[in-house]
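Participant: Sequence first, then the predicted structure, then my questions.
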Amino acid sequence: MGLIAFSALAGCNSTPKDEVRIERTIPWQWQDLSGRQFETAHYAIYTTVQDDFAVRRFARLMESAYTQYAALVPNLKPDGRKLNLRFFATHEEWARYTIATTGADAEAYLSVLNGGYAVKDEFVCWLSNESDTLTTAAHEGLHQFVARHFRSRLPPTVEEGLSCTFETFSFSEAGVTFYPTKNVRRQEALRKAIDGHFLIPLDTLLMIHAGDLRDRDPALREAYYAQAWALAAMLRNNPAYRLTFLEMMRAAATGNTPIEVGRNDGSQVYHPDRAKPFVQRYVAPDWNAFQSDYEQTLYNLAAKPSGDHQP
C-alpha cells in the first residue's frame, strides 16, 4: 500500500475518454445492509456507497488497472468470470463483512489500516480517505488478478513489488495513467534503508514473504516493500529484462515452468528456496550482472525527485 498521486475530476463536466461503462446495476443485499451491484467489463462491484461519482471513479480506476495487469501476461485468456469487489461505505460495515467471511483469519484482516485487502480472488474495502482506498485498490487488485488467473505462484517478493508499481497514478480527461517508477512512500523508504545501512540483500529479499516481517521493525518492513517495488520497476521498465520478465509472467500464469515456487491453488504452499532459481531461469542467467543492475536501480529510484510524476 502507498501514497497516491492523482488529479481530482470533481466539478469537471466533460466526459473522460476512458469513462467506465456500467453494464448493469441491480439491488444488492447483505444481511441487513442494502446496496447495489454494478457490473463492468471485468468486475462485479457490490457496494453500499451511495455516491455515484465515488463508485464510478473506483470502477474506472479498476478497469484501467485491469488493462495494465493483463498487459503483464502476454496472450492471457481470461475465463470470462468477473472479479468481485466489495466496496463498503463505512469501516463498521467492512469489519462486519470481514468477521463474517474470513473466520479464524479475521483478526489479521481487521488490522488493515488503509482501505482494504485481497483474499483469494476477491477484494474487500471501505471508503475511508479516497486516496488511501484507491491506492490500496490498485495495489491489491494485482494480487486479486494473480489469484484468479495464475496457475503457479510468483515469488512473493516479485508479486508484492508488482503491486507496488500500481500505487501511483493520475486521473485526467485523457484517462488513468500509472507511474510504475514514481512512488513517494517507496522512494522515502529506500532512502532511509540506504542511509541507515539496512538494505536487505537480494538473495534474501527473494526468499521473504511479507508475512515473515509482520512482527519486525516497521522500517525494515517498509524497506522490504520499497526494495520489492524497485525490483519490479526494473523488471517492467529496463529494456534488458522486460521481454524475459514477460516470459516469466506467462510461464507462471500457464503453470508451464520447470521451476515452480508453488501452486496457485489457495494452499499457500511456497518454496522459498526456489524463488531465486525461478528468477534466474527467466530473467537473470548472469546473476552478478542482474544484482549489479538491481543495486543501481535502488540508488537511481531513491535519488529521483519525489514530486515528479512523469512516466
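Facilitator: Okay, I see it. Numbering: from 1, shown residues only.

Participant: Run through this protein and note the low-pLDDT ranges.
Facilitator: In the predicted model of the chain, residues 1-18, 305-311 satisfy pLDDT under 70.

Participant: Work out for me the element Leu113 sits within.
Facilitator: Here Leu113 sits in a region with no helix or strand, counting by DSSP states H and E.

Participant: where along the stretch 51-200 of the chain do the helices fall?
Facilitator: Taking DSSP state H, counting those that start in this stretch, the helices of the stretch 51-200 of the chain run over residues 52-71, 91-102, 106-110, 130-149, 156-164, 184-195.

Participant: And these: which comes nearest Asn238?
Facilitator: helix 156-164 (13.3 Å; C-beta to C-beta). The way it works is simple: take the backbone N, C-alpha and C, and place the C-beta from them, glycine included.

Participant: What residues of stretch 211-228 count as buried?
Facilitator: For stretch 211-228, burial by neighbour count (16 or more other C-beta atoms under 10 Å) applies to 213, 221-228.

Participant: before we move on, what about stretch 47-55?
Facilitator: 47-49, 54-55.

Participant: any chance of those in TSV, with distance to Leu243 too?
Facilitator: As requested, the buried residues of stretch 47-55 are arranged in TSV below (distance: C-beta to C-beta, whole Å):
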residue	distance to Leu243
Thr47	39
Thr48	44
Val49	41
Ala54	39
Val55	38
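
Participant: So which of the buried residues of stretch 211-228 belong to helices?
Facilitator: Per DSSP state H, helices hold the following members of these: 221-228.

Participant: nearest to Ile259, of those residues?
Facilitator: Closest approach to Ile259 among those (C-beta to C-beta): Ala228, at 19.6 Å.

Participant: Run through the strands of this structure in chain order.
Facilitator: With DSSP state E, the ranges of strands along the chain come out as 24-30, 33-39, 43-47, 83-88, 116-119, 122-126, 169-172, 175-178.

Participant: still on that earlier bit, now distance to Ala147 too, for the ones in helices among the buried residues of stretch 211-228, in a markdown table please.
Facilitator: Below are those laid out as a markdown table (distance: C-beta to C-beta, whole Å):
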| residue | distance to Ala147 |
| --- | --- |
| Arg221 | 22 |
| Glu222 | 24 |
| Ala223 | 26 |
| Tyr224 | 21 |
| Tyr225 | 19 |
| Ala226 | 24 |
| Gln227 | 23 |
| Ala228 | 18 |
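
Participant: tell me which of the buried residues of stretch 47-55 is nearest to Glu140?
Facilitator: Thr47 (16.0 Å).

Participant: State the number of residues packed around the residue lying closest to that closest one once chain neighbours are set aside.
Facilitator: Spatial nearest neighbour of Thr47, chain neighbours left out: Phe87 (4.0 Å); criterion: C-beta to C-beta, 6 or more residues apart in numbering. The tally of other residues near Phe87 (other C-beta atoms under 10 Å) stands at 27.

Participant: List the contacts of Phe87.
Facilitator: Phe87 is in contact with 45-49, 55, 58, 125-127, counting by C-beta atoms under 8 Å, 6 or more residues apart in numbering.

Participant: Swap in 6 Å and give it another go.
Facilitator: Phe87 is in contact with 45, 47, 49, 125, counting by C-beta atoms under 6 Å, 6 or more residues apart in numbering.

Participant: Now do the contacts for the last one.
Facilitator: Cys125 makes contact with 87, 115-116, 133, according to C-beta under 6 Å, 6+ apart.

Participant: and what of Ala228?
Facilitator: Ala228 neighbours (C-beta under 6 Å, 6+ apart): 157, 160-161.

Participant: which of the residues you listed tops the neighbour count?
Facilitator: Result: Gly161 is most packed of these (other C-beta under 10 Å), 28 neighbours.

Participant: Next, find the distance separating that one from Leu231.
Facilitator: Distance check for Gly161 against Leu231: by C-beta to C-beta, to the nearest Å, it reads 5 Å.
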